[in-house]
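Asker: the following comprises the amino acid sequence and a computationally predicted model.
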Amino acid sequence: MQNNDFVRRMQSPGGDRKKSESTHIDFPLLILLLALCTLGLMVLYSAGDQNLAYVKRQATFMVLGFIIMFVVAQFEVRYWEKWAFVFYGLGLLLLIAVLFFGVGAKGAQRWLDVGFSRLQPAEFMKVAVPLMLASYLSKRFIPPTLKHISWAMVMIMIPVALIMRQPDLGTALLIFVSGFLTLFLAGLGVRYLIGTFLTGIAAVPVMWNFVLLDYQKQRILTLLSPEKDKLGSGWNIVQSKTAIGSGGLNGKGWTEGTQSQLNFLPESHTDFIIAVLAEEFGLIGVLTLLTLYTLVIARCLFISFNAQSQFGRLLAGSLGLIFFIYVFVNMGMVSGILPVVGAPLPMISYGGTAILTLFIGFGLLMAISTEPNRMRTNL
Amino acid sequence: MIHKEAFSDPARERRIFARRLIFSMFIMLVMGLTLISRYVDLQVNQFQNFATDSDNNRVHVRPAAPTRGVIYDRNGEILADNRPTSNLSIIRERTDDLGQLINKVGSLITLTDNDITRFYSRLKRRKPFEPTPLKFNLTEKEQAILAVNQHILDGTKVSARLTRFYPKRDLFTHVVGYVGRINDRESKIINPINYSGTDSIGKIGIEKFYEESLLGEVGSDHVETNARGRVMRVIDHVSPVAGNDLKLHLDSRLQKVAYEAFSGERGSLVAIEIETGGVLAMVSAPSYDANPFVSGISQKAYGALLNSEDKPMFNRSIRGQYPPGSTIKPLFGLIGLQSQSITTDTKIEDPGYFLMEGIERPWRDHNSERGGHGKGVDLAKAIIESCDVFFYKMGVKIGIDTLATSSEAFGLGKKTNIDLPGERSGIMPSRIWKKNARGASWFDGDTINVSIGQGFMLTTPLQLAVMTASIASRGDLIQPQIVKSINGVENPTIKVTESSKISDKHWNYIHESMRDVVHSNRGTARGINKDLTYNIAGKTGTAQVISINASDEYDRSKISERQWDHALFVAFAPAEDPKIAVALIVENGEHGSSAAAPIARTVIDTYIKSVMSNNDAQNLTATNASYLNSLQGYDAYAEQ
C-alpha cells in the first residue's frame, strides 16, 4: 500500500538518534499513526464495497497528511504560539466563505469547492480553536481570570455559531468541547465549571425549542427509541447495532460482514465505519482499535506532560483529550448510546479534511515533543 | 487581580495542569470503560439476538404467489384463467428522486395520468421494498425499450406475473365476477400471510364467493438479499399450492344466446337445471367487460359505467326486485286449489273489472277495454288468458296469510342462498311484514293487488326461476347453484323442501294450463309455439313500473319509455318431463308475450338442441317415447 512505500522513504524508527533529533519526529507516535492508517485503509476497503477508488483517495490524503505533519513539526513551537491567531482568523474566513459560497448535501452547507477537492472548513477549526486558545491562555495567568475566560469564550463561540449556521450541530459541539477542554486544562475555576454545567442543563429546553432543527430533534428522539421508526430515522442506528452485535467476539471475517456488504449499514465508509470493523473483526477488532487509540492518547498526554512551555502543555493536552472525545462520540453514537451527530472516527473514517486536520494536530504534537531536541540543537 | 498578574509561577501552573490532566484521565477512563462495556454488551451478551437480526435482515422470505384456480363452464370452456403479463414496478427505496424517475419512464413509454395517480395511491399502501406497480400489461415493444434503458432507470423493475383474464369479456361478468387489487377495507380483513404474494382479490360474483377456494396457498422462497432488496441467492423454496379449479353449471352457448337475445334491451334471464338446481344461464343486461377491472379501471371509464342510465353494473338477476305480475298466477292458482278456496270447477264471470264490497273504486282487468274475459272463466282459462278478475276474487278468498306462507315454500320472499354474493330477498308481503315495514294494517285491497303479483310483492328473476323450477318438479324446492364441481368434486344438490302434499291432480291441472299458455290458440304466449317440436309450459307477465290506479287505464303514450311496463315470462320444458326452468324480465318491454317469451323460446331451443342432447337425451329416450319422436332431428345432431 501507498503508505508502506512512504514508510520505506522514511528513516527507520530505530535509526540514528542524531538524525531523528534533527527531523523532529516522534517515533512512537509515528508508528501508532502508521498502524492506525493501515487498519483504517483495510476497513475502508471492505466498507467501500471493495472499491479501490475510496482506498486510493484516502491513502493519497494520508500521504499528504504525513507530509504536512512533518512540515508542521519542523517549525519551532513558539512560532505556532505566535502565529496561532493567523490560522484561527483564516479558519473563520473560510467558515464565513462557506456560508456564502458553500456547497452542501442533505440540507446543510458544509463544503468549500476548491477545484480538485472539497474542503470542510469546520474540520480545520477542530485544531485552530485549541491552538488559538492555548496561545491566548498561555500568555495570561493561570488559572485564567474572568476577563480572560470571557475572551476565550468569545473565541470559542464565534466559530461555534458560524458552524451551527451551516447547520452542523455535531461539529459545533465538538469544537465547543475542544475549546472548553483547553480552558479546563488551563485551570478554569471550579465554580465556572459548575456554572457551565448548570448553563448547559438550562440550555436544553431553549435549544430544543429555538435552536434545534426538526431533523436534529428527530435524531435525539431516535436515540431514545430507535425501534419506533425502524425504516425511517431509526434505520441507521438499528442497522449499526445489528452489525456490531452480530460481529460477536471474533467477527465475520474481513469483507465478510453481511450488514455492510449487503448495504444494510448506511454511511458505512464514513461515520459508521466502526460498525464495519466491529462486524468483520468482532470485539477483538474493536479492542485492538481502542488499544491503538489509547496508546495515541497516552502518547499525547505524555508529550503534554513533558512540554517545555505552557503553550505546548495546553495544546498537546487539549489535542489529546479532544482526540479521545472524537473516538468516544463516534463509537458512542454508532453503538447507540449517543445521538447521531456527524462525527467521523479519527484516522479510520473516509474524509480528506478530517485526515489532514488530524495530521496537522499530530504535527503540532511532534513539534512540541521534539522541542527539547530543538533547544539542544539551538545550543 | 492585578497583583496576581504581576507574578508568573511556572511551578503552580504545572501543578494545576497536572491535576487537571490527571482528573481528565480519570474521566476518560470512566468514559472508555463505558464504551467498552457497551461493545461487550452488544457483541457478547446480545450476540445471539443481533446475529439473528442480521440473518433476518439478510435472509428474506419471499412469498411465492399461488396460481388462482381456473373457472370453466359445464363443457370445459374457460371463463376465467391466468395469463402471463409484464408489469413495470418501482421500488421506492431504490430511487432517490421518484418524480424524476417517473418522468424518465414517461418519456420512454406511454404513461397515462391515471397510471400515475393510481401508482401514488398504491404507493401509500406498500410495504418497505415492495415493488409498486406503475404500468400493467407492457407490450413487447415497451418491454424492449425499458430493457435497453435499464441503466438509467435505477429503481424500476419489470416483472412477469400471472394476471387474471376473462376470455368471454362481458358475457359472464355478473356471474363470474372479476378480481381487482386489494383495497384498504379488504386488506384489514384478509389473512395477510396468505395474501402476501397476491395483490388481487375477488370483488364480485363467483370470484368473490369462492375467493378462499380459488386463491390457493402461498409458498415461499428464502432468499438472501442486500439492503436494496436485490436477491443474491435462493436458500430454500416452498412451492405454493394452486387454487381450486371451478366448473360451473353455466353453459356458454346458452348464456351467449340469452345475452344476445337481450341486445339493446335491459333485463335479466335465469335458466335453471331443474334436477340439480344448477344455473345454466344467468344474464343481466346490459353487461360490461370484466378485464379492465383486473389491473385497475380508469376513473373515467368507471364513472361512465357507474353513471350510465342503463345501470350495467347492477346484477339484475339476483339484486333486481320486480313485481312478478301475472307470472305468479300458476302458483297462486295452485294455492287456491290446495287451500280449497276454489276447485277446478269454479267459474266466474269477468266483466272487465272487480268491485270490492265497500270500495267504490274498481280493480280493472288488463283487457278491460275489450269488456273482460266474459262468462265461464275457470282457473285454466284465467291462467291461459291471464284473467285478473278471477285472481282478484280468488285472492280475497284465500287471504293473505295463506298466500304468504304457501308462497314461501316456493322460495318467495327469502333468499335462495345461491352461491353468489349480494343476493336480495324480494318481498312476499304479509300482515306482519306490512306492520314492520310500513307501520300499517293489512287491507283486503292489498291482497287484491298481491293476487296478480303487484302491490307490495317483489321478486328477483332468480327467485322466479327457482319458483318455476319448483312448480315444474312438482314441489321440490332446490337451492340454485352456480358451481357444479370444485377440483372435480361435485357440489351436492341441496333440497330445501321435499315435494309438498299437493295432489297430482292439481299439479297436472296447473302444468296443463301453463302448457296451454304456449300451445293453445287462446294462450298469451301462443306466439312462440310456431314449429315447436316439444312442449313448453309457461306464463307471461306484465309488471307496472309506476303505480297507476287500478281504475285508470295504462296509456303508454302518456309516460316515458323508462316507465313502460316490464315484460316477464317464466317457463319450463319439456312440459311433460321438465328439465329446464327459465325466468326472465325485459325492462320496459311492456308485454311478456311479445318481448319476453321469444327470448325464453330461443334459450330453451338451444338447451334442447345442444345441452340436453349431450347430457340427457338417452335419459329422455327411456322416459318419454312420444317426446323422442319429435326430437329425431336433434338426436342426429347429438350423435355427430
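Answerer: Received the coordinates, thanks. Numbering: from 1, shown residues only, chains lettered A, B, ... in the order given.

Asker: name the nearest residue to residue B:36, sequence neighbours excluded.
Answerer: residue A:290 (6.7 Å; Cβ to Cβ, 6 or more residues apart in numbering or on different chains). Just so you know, the C-beta spots here come from the backbone N, C-alpha and C atoms, and that holds for glycine as well.

Asker: next one: residue B:172
Answerer: In space, residue B:172 is closest to residue B:79, 5.3 Å off (Cβ to Cβ, 6+ apart).

Asker: quick one: secondary structure of that neighbour?
Answerer: Here residue B:79 is strand, with the state taken from DSSP: H, G, I helix; E, B strand; the rest coil.

Asker: residue 34 sits in which helix or strand?
Answerer: Chain wasn't specified; assuming chain A. helix A:27-47 (DSSP states H and E).

Asker: try chain B instead
Answerer: Counting by DSSP H and E, residue B:34 is part of helix B:10-40.

Asker: so what's whichever residue of chain A sits closest to chain B up against?
Answerer: Distances between chain A and chain B by Cβ to the nearest Cβ are smallest at residue A:245, namely 2.6 Å. Shown in contact with residue A:245 (Cβ atoms under 8 Å, 6 or more residues apart in numbering or on different chains): B:42-43, B:46-47, B:49-51, B:53-54.

Asker: out of these, which are inside strands?
Answerer: Among those, DSSP state E puts none in strands.

Asker: those residues: which two are farthest apart?
Answerer: Across these, the longest distance by Cβ to Cβ is 13.1 Å; it joins B:43 and B:53.

Asker: burial check on residue B:39, number of neighbours?
Answerer: Other residues near residue B:39 come to 22 when the count uses other Cβ atoms under 10 Å in any protein chain shown.

Asker: which secondary structure element of chain A has the lowest mean pLDDT?
Answerer: Between all helices and strands in chain A, the lowest mean by mean pLDDT, DSSP states H and E belongs to helix A:2-9, at a mean of 42.

Asker: circling back: where's the residue nearest to residue B:36, which helix or strand?
Answerer: Going by DSSP H and E, residue A:290 is part of helix A:273-305.

Asker: likewise for residue B:538?
Answerer: When elements are assigned from DSSP H and E, residue B:538 belongs to strand B:537-543.

Asker: now do the contacts for the closest residue to chain A within the stretch 301-450 of chain B.
Answerer: Closest to chain A within the stretch 301-450 of chain B is residue B:302: 33.4 Å, counting by Cβ to the nearest Cβ. Contact analysis of residue B:302 by Cβ under 8 Å, 6+ apart lists nothing.

Asker: now residue B:193
Answerer: Residues counted as contacts of residue B:193 (Cβ under 8 Å, 6+ apart) are residue B:218.

Asker: kindly report the same for residue A:305.
Answerer: Residue A:305 makes contacts with A:313, B:18, B:21, as judged by Cβ under 8 Å, 6+ apart.

Asker: read off the pLDDT value for the last one.
Answerer: Yep, that's residue B:21 we're talking about. pLDDT recorded at residue B:21 is 92.

Asker: is it true that it touches residue A:185?
Answerer: Yes: judged on Cβ atoms under 8 Å, residue B:21 makes contact with residue A:185 at a distance of 6.6 Å.

Asker: so which of the two has more stuff around it?
Answerer: residue A:185 (29 against 20).

Asker: still on that earlier bit, any idea which helix or strand carries the residue of the stretch 301-450 of chain B closest to chain A?
Answerer: Per DSSP H and E: helix B:299-307 holds residue B:302.

Asker: tell me where the model's unsure across the chain.
Answerer: Defaulting to chain A. Within chain A, the stretches with pLDDT under 70 are A:1-21, A:104-108, A:114-117, A:142, A:222-234, A:375-379.

Asker: not what I meant, chain B
Answerer: In chain B (pLDDT under 70), the answer is B:1-8, B:127-129, B:226-230, B:547-554, B:611-640.

Asker: for the residue in it that chain A sits nearest to, give me its contacts.
Answerer: Going by Cβ to the nearest Cβ, chain A is nearest to residue B:50 of chain B, at 2.6 Å. Residues near residue B:50 by Cβ under 8 Å, 6+ apart: A:241-242, A:244-246, B:42.

Asker: how near is residue B:388 to residue B:382?
Answerer: Separation of residue B:388 from residue B:382 (Cβ to Cβ, to the nearest Å): 8 Å.

Asker: so where do the strands sit in the stretch 501-640 of chain B?
Answerer: Assigned by DSSP state E, counting those that start in this stretch, the stretch 501-640 of chain B shows strands spanning B:537-543, B:566-573, B:580-586.

Asker: for the longest one, which strands pair with it and how are they oriented?
Answerer: In its sheet, strand B:566-573 lies beside strand B:537-543 (antiparallel), strand B:580-586 (antiparallel), with partners assigned from DSSP bridges.

Asker: what's the neighbour count on the closest residue to residue B:296 other than its chain neighbours?
Answerer: Computed as Cβ to Cβ, 6+ apart, the closest residue to residue B:296 that is not its neighbour in sequence is residue B:118, at 5.4 Å. When counting by other Cβ under 10 Å, one arrives at 22 neighbours for residue B:118.

Asker: residue B:118 reaches residue B:295, doesn't it?
Answerer: No: Residue B:118 lies out of contact with residue B:295 (Cβ under 8 Å); the separation is 9.2 Å.

Asker: circling back to that earlier point, which one's more surrounded, residue B:43 and residue B:53?
Answerer: residue B:43 (27 against 20).

Asker: need the contact list for that one.
Answerer: Neighbours of residue B:43 in contact, by Cβ under 8 Å, 6+ apart: A:244-245, A:247-249, A:278, A:282-283, A:286.

Asker: check residue B:84 too.
Answerer: B:160-163 are the contacts of residue B:84 under Cβ under 8 Å, 6+ apart.

Asker: that one belongs to a strand, doesn't it?
Answerer: Yes: counting by three-state DSSP, residue B:84 is part of a strand.
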